[in-house]
Structure formats: structure tokens, C-alpha cells
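Asker: The following block contains a protein sequence and its predicted model.
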Amino acid sequence: MKLTGAQIFIECLKKEKVEIMFGYPGGVVLPIFDKLYDAPIRFILTRHEQGAAHAADGYARATGKVGVCLATSGPGATNLVTGLATAYMDSVPIVAFTGQVKTFLIGNDAFQEADITGITRPITKHNYLVEDVRDLARTIKEAFHIASTGRPGPVLIDLPVDVQQQETEFRYPEKVEIRGYNPTYEGHVGQIKRAAKAISESKRPILYVGGGVIISGASSEVIELATKNSIPVTMTLLGLGSFPMTHELSLGMLGMHGTAYANHAIMESDLIIAVGARFDDRVTGKVDAFAPHAKIIHIDIDPASVSKTVDVDIPIVGDAKKVLKNLIEYVKKPDTSAWLKQIAEWKKLYPLKYKNDSKLRPQYVVEQIWEATKGDAIICTEVGQNQMWAAQFYKFTKPRTIISSGGLGTMGYGFPAAIGAQLGRPGTPVFDIAGDGSIQMNIQELATAVTNKLPVKVAILNNCYLGMVRQWQELFYKRRYSQVCMEGAQPDFVKLAESYGAVGMRITKKEEVRPAIDKALSINNIVFMDFHVEKEENVFPMVPAGEAINKMLEGDLA
Amino acid sequence: MKHTISVLVENKFGVLARIAGLFSARGFNISSLAVGETEDPTVSRMTIVSEGDDKTLEQIKKQLNKLIDVIKVVDFKEGDFLDRELILIKVAVTPKTRPQILETIESCGARIENAGAKSLCVEATGDQTKVRTLLELLRPFGIIEVVRTGRVAMDKSDKGFKPEGKPEVNE
């Protein structure tokens, strides 16, 4: 039977078991929206295409499935760009569909035309322009395969409106054959044995694990390798949750705002076992000074991540879970007792702390969210101070519980991502730890949360500043606070929430924090919690940009 | 150090833009680039000459390999490949310099493709040494214009350099 391109689109999504998609309609995607009208796919209408891309991303990170979004041509498509770039930097599987003007109009500067495959080429894992309806099914099959395998990432498919209307026989391919795409999953056994030997002989080993561990589902292997062999574990922002932060071998996050003991441990270690992490500049600080005594084992599925910034001694290209499973068998337990004693001392000397006085401080809010949920929540963050406090003071214990824009650092990411996460994990409490700046970047998605009855809890750490920029201006630009003050036109977040039909709360005293969180958790609706926190609180420790990571500013924490 | 990298790619529109975009986005340099169809019409070959230290070249190869439309990447080492370039040189000529120029052209194995009153169009093909030598020898006479194709290269071994040696495709 012949189907139109729009019908084929729906059939392909059904074959890929897509249950939910995010998007926004427009002129050249009308044929698809007509078929979506009675398709068995839940469509979440966001209030901006950027929100759709981030929601698909949050859904993907919370569930491990591919996130799907759809936008029209031109501005609809360009509004997806920030979301795709965010997903690309953090290796999130997304398939994004965009409408396009009719094939014969392409290149004519037609109404709402944009060269979206050209625009998104450097921020997608791959992209397609479908010019013939006969290519459509195969293209969609390939897109889902590419997005979700190897090092995952976003794939975009541009669909001209006439292709959506053309008819052809529908046949969904069984197999994908792409001769230029063949990710390596199995690690090289010789390399794995070399790594095992290095671990067995090490005295000061440290596991440095990143988002690749979460993607690969290798958390249990990391826990096994660490606990069996008494190896301490530090995590990147995206790696949080792969090893419980409540465990004594956990050093929490490393890097620019990592714990002092994680950074000291990296700098003093004789062996770094990097798993699914990419030695990002926020982690390494000054590369030349990074871990001077350490041999480095690097396990990653992306060969291009290996020896990109830091030279690696034992590279292992492969899937983290498979490689670790294999590696664990060969490792003989090293003697790390002196090393662990040293680390315990650092933990005692340089604990993660803040001024826990009578004032309402943002770190306290995060701590109380932890106390109220004990790791059984998904914590989305915006970007800036709120993100770093969330990473420092919420003790993540499970994979896929922190959802944060790490690589791109996208303000406005957390709220729509929380919407996607809540849709993917309906029974789990979902928080967005936000700043008053970031939350206003995609605040229109309040409508999406309200209409879909999503009980997301938004904790705004409201300091009336773009806090992280202010902190840098305070520390490195002589307190010349240039364009960071939000005062004067700050909205009343309580009234704002209420105007959408959400619940708003204002919290101005420390003792009100916990009752407010508990109350919010009991409300089956979206809640905006507007915490009026200390205005000039800084995130410490902090490694100034370009410094070695053990050269930390500690701040004044009497 | 200059490297000659041969890249087999899907013969589709947009692939050249992906390769060029990758080089510009990551700050890699391209000295020359030549593109043409191979014995298999679904495959094109790009011969890229790039400059950089070993680490940069390693990244270039890895990043190229990450592109879905790239089928195979080979970095030619000194000695085990043939490289050729075609160059057209328009050189100024006077009755006085003509005999000298003709002698230079002949000794270099180049050919005159067009002879005008005030200029000669010279065509030569050869490896980089030959092309460079010819250019240097003609320079004193006054070079008006140079057009070069960029380098192409071929492995000297008995094997072809076909995509079929590719590993199994994953399900």
C-alpha cells in the first residue's frame, strides 16, 4: 500500500517505539501535524522550539531512550539550534525533524526558508535533507541508529513539505548499512591487560569517571572496580550519579568547582583511570600542570576523545561497560591503604563547606532538597552558580539523576529538560535547581508544564544577580558589576507562576526552607519556589581559569 | 610537517562542506584539496594536504573518521605513495628570454600549451619537487599567473584502496 511521506513519518516513529515527542507546528509541517492528530504518539506542544529540543534532551537523559522533537522550517528550525548544540556537547541521543520549503524552492530564499542542514552540520552527529520520499524510511531508520549508538548525539532530518505529501510504498528496513559508521564496542584485550597490570601495580590510583559511564550503563561496573580494589572515585558534572557520593570512596566532583580533595588526589595520583570522560578544560585546568605524576588509562568509545588534550599512556577504545567488565577480571587488588589515609586527611582538612549561619544561603537550600529526597529525585539544573551548588551539595547516588548542560553550559536548559525528564519518569520527583537569570530564559514553558500536569519543582536560588558572572567580576574584575544586576525589573515569580495556573511560594528565611520543600513535594502541580538567598554568595572552592587544579581559591568561610 | 591524507567519502552532496567545515571549525589547516570520483561511482576520493604536528594530524584523522560519510582515511607516509599535481603557469616572455625559457621548460619535462606574443602558458605534472623546481626556474622571467590542481596521491602497493575492506556493519 502506498503511503504519503507524512504517514511514513508516523509509521517509522511507531517502529522506533516513540511514545512521546516535543515540538511546535508551522506552515511546512502541516501534513505531518495532520497525521499526528490521531496518531498513537503523545505530542507535547512546548511554547518555544528551544524548549522542545531541551525537553527531548531531558527526556533522553532521564530515560536512556532517544528524544524526538519536531519544528517547522526557518525560525522553527533555527530555534532548535541551541538545543541541538547542547545535546551534541553532552552526547545526548536526539532525532530532530524540521520542515523545509518545497524541494524546488530550496535555495530561492523562500518564505521561512533556512539552510538548517548547513547550520546544524557542526552541532549534530549527522544530518539529512530528504529529497525523495523513497529515501524517507531508510533515513529515519539510520537517524535513530546513529543517534543512539557509539557515542550518542543529535541527528537532524530536514523534510521538505512536498516530500511529506508524495506517496510511495512503505517498507521499514530491517537493517542499517552505513559503511562509514562502525563504532568499536569491544576493547582491545591486550590493552585491557596492560591497564589491569598498571592498576595492580599502582599505589595512588584514582577513577575519574564521566557521562560516558551513565550512557553506557556502566555504573555497577565502576562501583565494582572501585570497591573491590579500594580505588577512590571522582566524577565530572555529567558523571555524577555513576558512583554514590555517600560512599567513602567518593571524592565528589573534580575540576574548577570540584572538591579540594578530589583535585589534590588527581594531582598526587600515580594512575588515573579515566572512563567515559574527556579531559575537558573545566576538569584539567592548566593542562601542562595536570596530574604530573600520573600514568593515564583512558577508556572511551570515541577515539577522537583519546589523547585530544592530555596524552594518554594506555588508551582503550570501546564501550565503558564491556571494557570495565573485562578489566575487573584481570585486576589484582593494589595496596592503596596509605593513599586512602592521605585522602581521608584531605577530606578532613578541606571539607566542602559554606557559612552555615542564620542567613538563607543557597547551599542550604540544595542540602535540604537532598535531605527531603535522599537521592530519589531527578535534579535538573540551569547553568551558573545554581548548577555548581547542585553538583556540590546534592549527594547523587544513582545514574540519570542529574540532568545538566555540562559541555555547552546552556542557560535556560534546566526547566524544559525537567519537563522532558518528568514525562519520561512520571513517578519520580523532578527538581529544577535554577537561578533567577536562567529561569527567565525559557520561562514560557510554565504553560507546557501546567497543561500537561507535570509536577516539576522549580527551586529558584534568587540572588537578583547573574551570580556566576558577578562572582568572576568580583574576583577578577575589581567588583565592577557590569550588566549582572537583575534588580528593578525582576518579576514576582510567585504571581508569575500563579498566572499560568502553577503554584508559587516565596521563601525568605532559613527556617522556612524545609517546610516549603516538603509542601512542594506534596503538591501534584508545578511549583515555583522563589528562595531569596544571600545575594553575593560565591561558589567555592574555585580554580581560577588557566590555573592548575590544586591552586584553589577557598574564599572566606569562617 | 606536511601530510598527504587520502579520504574516501560517500559521493553525495554536502560531503565536501562537512570536511571543509570540520577543518575550519577545529582550526586545522588545508594546504590543498583535490576531489574526484573513484572507480566506484558511489565513492569519491579527497586528497588533502595538511600541515601540523603529530598530535594535530592524529586529531585530523580521528575527526575525519567520526564523520558518517567518511568511509576510510589513510595518511600516506613518505616513500610508499605516488603524488602528482598539475600546474599551469603563465610566464612573461620577450624575444630575448624566449630561448632560455624554452630550454627550462624542456629540461623540466613541461609543455607549452599556448604561445602568445608576450606570454607562454606552460603545463606540467609531477610530484612536489618537480613542480617546485619548475616554478623556481621560471620565476626570474616573470610569472603572470599560476593555477594548480592540488595534489593527488596513490598507494604503490598491489592492493587497491577500496572501501570493501571495511569491518562488519553493526546491527
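Answerer: That came through, no problem. Numbering: from 1, shown residues only, chains lettered A, B, ... in the order given.

Asker: Enumerate every residue touching residue 128.
Answerer: Chain wasn't specified; assuming chain A. A:Tyr128 makes contact with A:117, A:139, A:142-143, A:155-158 under the criterion C-beta atoms under 8 Å, 6 or more residues apart in numbering or on different chains. Any C-beta I mention is one placed from the backbone N, CA and C, and that applies to glycine too.

Asker: oops, chain B please
Answerer: By C-beta under 8 Å, 6+ apart, the residues touching B:Gln128 are B:83, B:85, B:151.

Asker: which one of these sits closest to chain A?
Answerer: Using C-beta to the nearest C-beta, the shortest approach to chain A within the contacts of B:Gln128 belongs to B:Arg151, at 23.2 Å.

Asker: mind checking how far the closest one is from B:Arg84?
Answerer: Distance from B:Arg151 to B:Arg84, counting by C-beta to C-beta, to the nearest Å: 7 Å.

Asker: Identify the contacts common to the two.
Answerer: Both B:Arg151 and B:Arg84 lack any common contacting residue under the criterion C-beta under 8 Å, 6+ apart.

Asker: Mind listing the residues bridging to the residue lying closest to B:Thr149 once chain neighbours are set aside?
Answerer: Closest residue in space to B:Thr149, ignoring its immediate chain neighbours: B:Leu86 at 4.5 Å, by C-beta to C-beta, 6 or more residues apart in numbering or on different chains. Residues in a beta bridge with B:Leu86, per DSSP bridges, are B:Thr125.

Asker: by contact count, what packs against the lengthiest helix in chain B?
Answerer: Longest helix in chain B by number of residues, with DSSP state H as the criterion: helix B:54-66. For helix B:54-66, the elements it packs on are strand B:2-10, helix B:15-25, strand B:70-76, judged by 3 or more C-beta pairs under 8 Å, 6 or more residues apart in numbering or on different chains; DSSP states H and E.

Asker: Next, format the ones you listed as TSV and append mean pLDDT, mean neighbour count and distance to B:Glu39.
Answerer: As requested, these are exported to TSV (pLDDT from 0 to 100; neighbours: other C-beta atoms under 10 Å in any protein chain shown; distance: least, C-beta to C-beta, whole Å):
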stretch	mean pLDDT	mean neighbour count	distance to B:Glu39
strand B:2-10	93	21	11
helix B:15-25	95	16	18
strand B:70-76	93	19	14
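
Asker: could you dump these to JSON lines with distance to A:Leu225?
Answerer: Shown next, in JSON lines, are those (distance: least, C-beta to C-beta, whole Å):
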{"stretch": "strand B:2-10", "distance to A:Leu225": "38"}
{"stretch": "helix B:15-25", "distance to A:Leu225": "35"}
{"stretch": "strand B:70-76", "distance to A:Leu225": "34"}
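
Asker: okay if I get the ones you listed as a markdown table plus distance to chain A?
Answerer: Formatted as a markdown table, the helices and strands packed on helix B:54-66 follow (distance: least, C-beta to the nearest C-beta, whole Å):
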| stretch | distance to chain A |
| --- | --- |
| strand B:2-10 | 7 |
| helix B:15-25 | 5 |
| strand B:70-76 | 4 |
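
Asker: so which of these gets nearest B:Ser44?
Answerer: strand B:2-10 (5.3 Å; C-beta to C-beta).

Asker: Surely A:Met21 is in a helix?
Answerer: No: looking at A:Met21 with DSSP: H, G, I helix; E, B strand; the rest coil, it is strand, so not inside a helix.
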